[in-house]
Structure formats: C-alpha cells, structure tokens
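this is a predicted model, with the sequence first.
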Amino acid sequence: MVLLRLDSLGLSQSRFALSPFAETLSSMIVLSRPCTDPWLAAWHARHRAAFRARLDADPFTRGLVMLCSSTKYLPDHLVLPPPDGMGTTLESELVEVARVPDTAVHSSLVQSVAESWEDHGLDWLTGHAHGARTAELFREVWQEHVAADWPGRRALLERDVTYRAGLLAAHGWPRALHQMSRHSAWVGSDAIRFSARPGPDRVVGPDGMLFVPVSGPRGTWLCEAPGRPYALVYPARGAGGPQREGERRDPARSERPVARLIGAGRAAILRELERPATTSELAALLGQSLGTVGGHLAVLREAELLVGTRVGRRVVYRRTELGDLLADAGPGSGISAAEPT
C-alpha cells in the first residue's frame, strides 16, 4: 500500500489544478481500447478509426500508447505535475516534456515495461529526441481528437473542482477526497492511500499537493518531479453521468412534466443541479448565456428550489429537498404537472 503523507502545513497548501496533457493521455488510453462506456460512445466512434490509423502508421506512437494502456507504471516523462494550477496550458506542459533527456525517457520506459501485464519490447524506441517526439505526438492528438471537446470537458472538470471545494470548505479534506478513485482513501489523520500495490510512501512537503481531474472514466496516477508538488490525477466525479452506473436515462422524458410546470430552461438547470455547479459552469453545460442562466437561477432560488453557497469568489448552487423532489417528478413518480384549464 502506497501512502502520501501530509503534515498540517502541506495539507493547508494543497489545491486543485487542470492538466490538458493528462486529459490527452487519458483520451489516448480510451481510444486505444474498445468503448465500454455509453456516454463516450459518440466521441469514441468519431475518433477511433483515425486514431487507430495513426497507431498503425507510426511504430513510436503505437509502442508508447499500447504500453501506457497496459502498465501499472506510466513513464516518468508523461507524469509531470501541471505547472500553473487551474490555468495550466497544454503548451506549457509540452515544453517540459520536450526537455526530458533520452536517457531518462529510456530508463522510465524500461520500468513501465517491467510493470506491464502484457509483453512489450522497446524496439520502437529508435533515433533520438524522444521527449520532443512525445511532445509532438501529444500536440497532434490534442488538436485532432481533444481540442474541439475541451470547452465542455473543462466545464465538467471545473464542476468537479467546485463540488470538492465546497466539501473542503464545509467538511475538510477527508470529505473532499471521498471516492476520488477506486483505490485512494484517507488513512488516519495525515495520509492518503494512493495505491493498493506495494511501494514506498511519499512525503508531501510544505507546498502541499495538487489534485487533477480528468474526464476519462477510470485510471488514477501520481505525477512527480524534483522540486515540484506531487499531483494526483483522478477521474472527475460525474464524468459519465447516470450511465456510469448502468442507467439509461431519457432527460427529455423525465423533464417533460417539470418543464410544463416551470419551463424547459429552468427544468434543465434543475436537472443539471443533481451535482452542484456555478452559473458559468451551467452556462457552458447548457449552451446558454450567463444572463439567461442567471435569470433562471434567480427564479428557482425565489421558489426555494435551490440555494447558493459562496466558495471563495464563486457561488455554488445546489438543489433543496423541494428541488430534489420536483426534479425527480418523472413519469411514474406520482407527481404530475397537468396542463392548466
């Protein structure tokens, strides 16, 4: 069992971050496998053939991607902590990856092969400038397969951060980290269990650590580099929606009675607030203007269907018990919204 040990100072300095590079790595792993998540099916179907063609055309790409998809130890040059918190850009990360020396890339790939559950060789690792080649690969995959979806994905990731920041403010880090991944958990008063596999514990310094959500449905990894905070990458809460639990929900059907009662726009917001969100997050998710969403939120607050809580500079909205009851008023619920007579 691997533990991340934090003292009170390190804990107080821990924070969230975003990593377009980690998002791209997660997407590559998803595209390298058959799709098993219904919510990803449309994106996977659009990009799978082109991505497979890339793998077939370039041994370096195929070797790296297939290794990452089947190892317990991701190569070190792919798990560098994001440098700029929530404002991290892909280019800032690619610059760091491109600088990694060939000897360091090779040694970490050897360890990744040793930790893989499939047989891999490194005959694809030819030539030189492995870090720069990796950076270029990630840039191209980002542009072709991720960038167009990034605004929506970023909204989802920021929503996860908002949700956990609210828990942090109200209950502290143990509650905020609850169910962050299948293997991570708070242990005692000063440690996070990162992995069930044997390995040395890590001691988090006074700069704290970073928590980095990605939209992939599974997979957790630790990012580390000398002189930098550790970063724990984890699947964002709610990335798959209800389908992650095997439920197939028809939003239009379940919202119809509520929409007739309070309007389609407000019904959509009420449904989205199954998970707390800010005005800007709701606007991005629903494709509406901030003014429109703000107006709907004001009406819903006045009707006591939701409440807002300030977290730092943002206001996070969540449904009240009455809002939960109304949002669940689909067919067969015993609650109906009859047409006025």
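Good, I have the coordinates.

top helix in the chain by residue count?
Criterion DSSP state H: the longest helix present in the chain is helix 150-171.

what helices and strands are in contact with that one?
Counting contacts by 3 or more Cβ pairs under 8 Å, 6 or more residues apart in numbering; DSSP states H and E, helix 150-171 packs against strand 15-16, helix 20-31, helix 173-176, strand 210-214, helix 279-286, strand 306-311, strand 314-319. The C-beta positions use only the backbone N, C-alpha and C, and glycine is treated the same way.

quick one, helices of the stretch 1-150 of the chain?
8-13, 20-31, 41-57, 59-68, 90-98, 102-114, 130-141, 150-171 (DSSP state H, counting those that start in this stretch).

same check on the stretch 151-300 of the chain?
173-176, 251-262, 264-272, 279-286, 290-302.

looking at those, which is nearest to Leu64?
Each of the helices of the stretch 151-300 of the chain has some distance to Leu64 by Cβ to Cβ; the shortest is helix 279-286, at 32.2 Å.

and the contacts of that closest one?
For helix 279-286, contacts defined as Cβ atoms under 8 Å, 6 or more residues apart in numbering pick out 151-152, 154-156, 158-159, 162, 265, 268-269, 272-273, 277, 288-290, 292-294, 297, 315, 317.

out of these, which are buried?
Buried residues within these, counting neighbours by 16 or more other Cβ atoms under 10 Å: 154-156, 158-159, 162, 265, 268-269, 272-273, 277, 288, 293, 297, 317.

and those residues, which two are furthest apart?
Arg154 and Gly265 (22.7 Å).

residues in contact with Val95?
Shown in contact with Val95 (Cβ under 8 Å, 6+ apart): Ala135.

let's have the helices of the stretch 151-300 of the chain in a markdown table, adding mean pLDDT.
Output for those, formatted as a markdown table (pLDDT from 0 to 100):
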| stretch | mean pLDDT |
| --- | --- |
| helix 173-176 | 76 |
| helix 251-262 | 58 |
| helix 264-272 | 86 |
| helix 279-286 | 84 |
| helix 290-302 | 90 |
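
just for this protein, where's the confidence low?
Per-residue confidence of the chain (counting by pLDDT under 70) places the weak regions at 179, 182-183, 238-260, 311-312, 329-341.

domains in it, by residue range?
2-235, 250-327 (automatic domain parsing).

so for stretch 68-77, first residue to last residue, what's the gap.
Separation of the first and last residues of stretch 68-77 by Cα to Cα, to the nearest Å is 12 Å.

may I see the buried residues of it?
Cys68, Ser69, Ser70, Thr71, Tyr73, Leu74, Pro75, Asp76, His77.

now the second one, nearest residue through space, not along the chain?
By the measure of Cβ to Cβ, 6 or more residues apart in numbering, the closest residue to Ser69 outside its immediate chain neighbours is Ser32, 4.6 Å from it.

ok, the fourth one next?
Leaving aside its chain neighbours, Thr71 sits nearest to Ser116 (4.1 Å; criterion: Cβ to Cβ, 6+ apart).

give me the number of residues near the one you found?
The tally of other residues near Ser116 (other Cβ atoms under 10 Å) stands at 17.

pretty sure it is touching Ser69, no?
No - counting by Cβ atoms under 8 Å, Ser116 stays clear of Ser69, with 9.4 Å between them.

circling back: which among the helices and strands packed on helix 150-171 is found nearest to Phe138?
Proximity to Phe138, assessed across the helices and strands packed on helix 150-171 by Cβ to Cβ, is greatest for helix 20-31 (5.2 Å).

C-alpha coordinates for that closest one, PDB please?
What follows is helix 20-31, C-alpha atoms only, in PDB (Å, rounded to 0.1, in the frame of the first residue of the first chain):
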ATOM      1  CA  PRO A  20      -4.600  19.300 -20.700                       C
ATOM      2  CA  PHE A  21      -1.700  16.900 -21.100                       C
ATOM      3  CA  ALA A  22      -3.200  14.500 -18.600                       C
ATOM      4  CA  GLU A  23      -6.600  14.900 -20.400                       C
ATOM      5  CA  THR A  24      -4.900  14.000 -23.700                       C
ATOM      6  CA  LEU A  25      -3.100  11.000 -22.200                       C
ATOM      7  CA  SER A  26      -6.400   9.700 -20.700                       C
ATOM      8  CA  SER A  27      -8.100  10.200 -24.100                       C
ATOM      9  CA  MET A  28      -5.300   8.200 -25.900                       C
ATOM     10  CA  ILE A  29      -5.800   5.300 -23.500                       C
ATOM     11  CA  VAL A  30      -9.600   5.400 -24.000                       C
ATOM     12  CA  LEU A  31      -9.200   5.400 -27.800                       C
END
